[in-house]
Every structure is written in C-alpha cells, then in structure tokens.
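Enquirer: okay, sequence plus prediction incoming.
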Amino acid sequence: MSQSRQSAHESAEPPGADRKEAPVVASGDESDVVSGVAADFESGHRLGRHRHRRAQLVYAVEGVMTVETDEGLWVVPPLRALWVPPGVVHSIRMTGRVQMRTVYFDAAALAQANAPARCAVLGVSPLLRELILRIVRIDESDASDEKIEPSQRDRIVGVLLDELCESPVNPLEVPMPHDPRLRRIADAVLADPSDNRDLAAWASFAGVGERTLARLFPNETGMTFVRWRQQVRLLRALERLGVGEPVTTVALEAGYSSTSAFVKLFRESFGVTPGRYFAVDAASAADAVASTRD
C-alpha cells in the first residue's frame, strides 16, 4: 500500500471511539466524479470506524472483508462487492490477505443511476469486475499506456454504472438490533456463534422475558432469534471458507451438529454447496489476480 493510502486509512478511528466522531477519510481523487483506489492488507487488519463524503463500491480481488455499521454486518466474499452510501460510518476487518479495490462515486455520477439506498452486498459479474479493475488501474498507474482520453473514461464509467445498477443483491447481511438488551445478546452470539443456548437462556442472560425477546427480535431485525443466529453462523462460516478452511472444521466450530447439516442449510440459503460456491469464486478470483499483474 502506498504511503498516501496508508496515511488515509490510519486516520480512521480505533475501535471504541465515540460513534459520533468517526472521521471523514479521503475518497480517492475527489476532482473526478468517479475514482478508483487500490490497497492491500494482511489478514486480521482492521480499518477503524470512518466515513466518506462519497458513495463507494468496495471489492476484493482476493480475501474476505467483513464490514460493520450501526445497522448491521456484511460479509463480502470473492466475486461480491459492498455498496456503501455516502456518509455511512463503517469499519472493515480483513480475513486472509485482502487486495481491496474501491471505486468512489460523487452525487453527479449517481444522479441518473438507480444505486442502492443502503449498504448491500452485490454480485459482481465478469464485466463489472473488469470495469472496477480498469478504473483502479487507470487512476493508480503512472504508466503512460494506462492514460486514456476523457471521452473514453466517460464511456467506461457509464458502462460501470449500468452494470452496478443491474447487479443482484446477495443475502449476506446480519441486521443488528438497537435495543440494549438485544444488542447484548447479539454481541455475545457474534463473539461465539457456536453458543447453543436456547431462547429462555438468552432471555435470562439479557434480563428480559422470553416472550418479550421472541417479539422484539423480529421487530428489530426482521428475523426470529433462531433465524438471526443461523444467519450469523452462515456468514461467519463464509468468512472462513472464503480463505480455504475445511468445510468440516468450519461447520463443527460454527455450532452445527454435523457437516451434512451445515451443507444442507448452506445449499438452502445460497443455492449451491460450499464446494461449488467457492470453486467458481476461486477460478474467477484467480483470473482477477492475474489481470491486476498484467
């Protein structure tokens, strides 16, 4: 990561800082309506809570990103990208070595685009991937052969916006409750997704009635507690599967009784088995890594 990029990221506040004081971090070259930035991080690196003046599309050529806001948590495996509207305070944690490629958009670029109104994990088609990488290469490179005419750049940006607006939203979000009692439960489950306590035990843990807990969780998250915990387990599993950990290890440590039970739920949620899901990702991600080295 270049020194200029590193300084920008290190300005992000550390965990535990006042939520209202999240700093504004530079959004690439803000003289362009759309700009691209490249940054590489080691596994476990965390970008503390921060925000940008412009909307951003965050994509990883390799590695897995987990993005957290006050509203929820999103896991971004290979071949997906996270859309973050302007001004949203967020943090990012890296699993595996992450090659992050970010495209920033100002309001003028999005005026005619039907971009998501809130954070969302989007599927990245081969064309969208190449457009992201091209914009980043153009903006990050000093090589003369990467320089293009403004009209050509405008055409690339136009196609990028078209592809962005057509990208499907993937169900890779864990919505977070705001009620302090529910938040205490949510934080405990996120810390240990394998915790199998039943609803009555969690109600006692939080000092709330079981019926109240059963009512409040859907009101605040749109999911029953059991479904919410299942989503946490699936997304934590995605983080680890995305960097090559064995399915059996991931399934058992996530709290599933057997590998087959986990694979069944994974297929029901994502339409394919973990092996198929990441086999496709691995091949496409390898192509993307190669293209960044050309």
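Expert: Now that the structure is in, tell me what you want to look at.
Enquirer: tell me the first helix or strand C-terminal of the helix or strand hosting Arg233.
Expert: Here Arg233, judged by DSSP states H and E, is contained in helix 225-241. Counting by DSSP H and E, the next helix or strand C-terminal to helix 225-241 is helix 247-253.
Enquirer: show me what that following helix is packed against.
Expert: If contacts are counted by 3 or more C-beta pairs under 8 Å, 6 or more residues apart in numbering; DSSP states H and E, helix 247-253 sits against helix 225-241, helix 259-270. All C-beta spots, glycine's among them, are computed from the backbone N, C-alpha and C.
Enquirer: just send the ones you listed back as TSV, with mean neighbour count too.
Expert: Converted to TSV, the helices and strands packed on helix 247-253 look like this (neighbours: other C-beta atoms under 10 Å):
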stretch	mean neighbour count
helix 225-241	20
helix 259-270	15
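Enquirer: format the ones you listed as a markdown table; extra columns: mean pLDDT and distance to Thr248.
Expert: Listed next are the helices and strands packed on helix 247-253 as a markdown table, based on pLDDT from 0 to 100; distance: least, C-beta to C-beta, whole Å:
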| stretch | mean pLDDT | distance to Thr248 |
| --- | --- | --- |
| helix 225-241 | 93 | 11 |
| helix 259-270 | 91 | 5 |
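Enquirer: before we move on, the earlier item: name the surrounding residues that touch the helix holding Arg233.
Expert: With contact meaning C-beta atoms under 8 Å, 6 or more residues apart in numbering, helix 225-241 is reached by 64, 66, 73, 75, 77, 95, 172-175, 185-186, 189-190, 193-194, 199, 202, 213-214, 217, 221, 223, 247, 250-251, 254-256, 262, 265-266, 269, 274, 277-278.
Enquirer: drop anything exposed from the residues you listed.
Expert: Buried members of those, scored by 16 or more other C-beta atoms under 10 Å, are 64, 66, 73, 75, 77, 95, 172-174, 185-186, 189-190, 193, 199, 202, 213-214, 217, 221, 223, 247, 250-251, 254-256, 262, 265-266, 274, 277-278.
Enquirer: among the residues you listed, name the ones in strands.
Expert: Under the assignment DSSP state E, the buried ones among the contacts of helix 225-241 contribute Val64, Thr66, Leu73, Val75, Thr95, Glu173, Val174 to strands.
Enquirer: how near is the second one to Gly209?
Expert: Spelled out, it's Thr66. To Gly209, Thr66 is 32 Å away according to C-beta to C-beta, to the nearest Å.
Enquirer: any regions of the stretch 101-250 of the chain where pLDDT drops low?
Expert: Applying pLDDT under 70 to the stretch 101-250 of the chain flags residues 142-147.
Enquirer: now with 50?
Expert: For the stretch 101-250 of the chain, the stretches with pLDDT under 50 are 143-144.
Enquirer: can you give me the helices for it?
Expert: Using DSSP state H, counting those that start in this stretch, the helices of the stretch 101-250 of the chain run over 107-110, 126-140, 150-166, 180-191, 199-206, 210-221, 225-241, 247-253.
Enquirer: which secondary structure elements does the second one contact?
Expert: Under the contact criterion of 3+ C-beta pairs under 8 Å, 6+ apart, helix 126-140 touches strand 34-41, strand 55-60, strand 98-105, helix 150-166, helix 274-292.
Enquirer: need the helices and strands packed on helix 247-253 in TSV (columns: distance to Glu130).
Expert: Formatted as TSV, the helices and strands packed on helix 247-253 follow (distance: least, C-beta to C-beta, whole Å):
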stretch	distance to Glu130
helix 225-241	24
helix 259-270	24
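Enquirer: Pro85: which of these is closest?
Expert: Among those, helix 225-241 comes nearest to Pro85, with 20.9 Å by C-beta to C-beta.
Enquirer: so the helix holding Arg233 versus helix 199-206, what angle?
Expert: Helix 225-241 runs at 80 degrees relative to helix 199-206, counting by axes from the mean of the first three to the mean of the last three C-alpha atoms, to 10 degrees.
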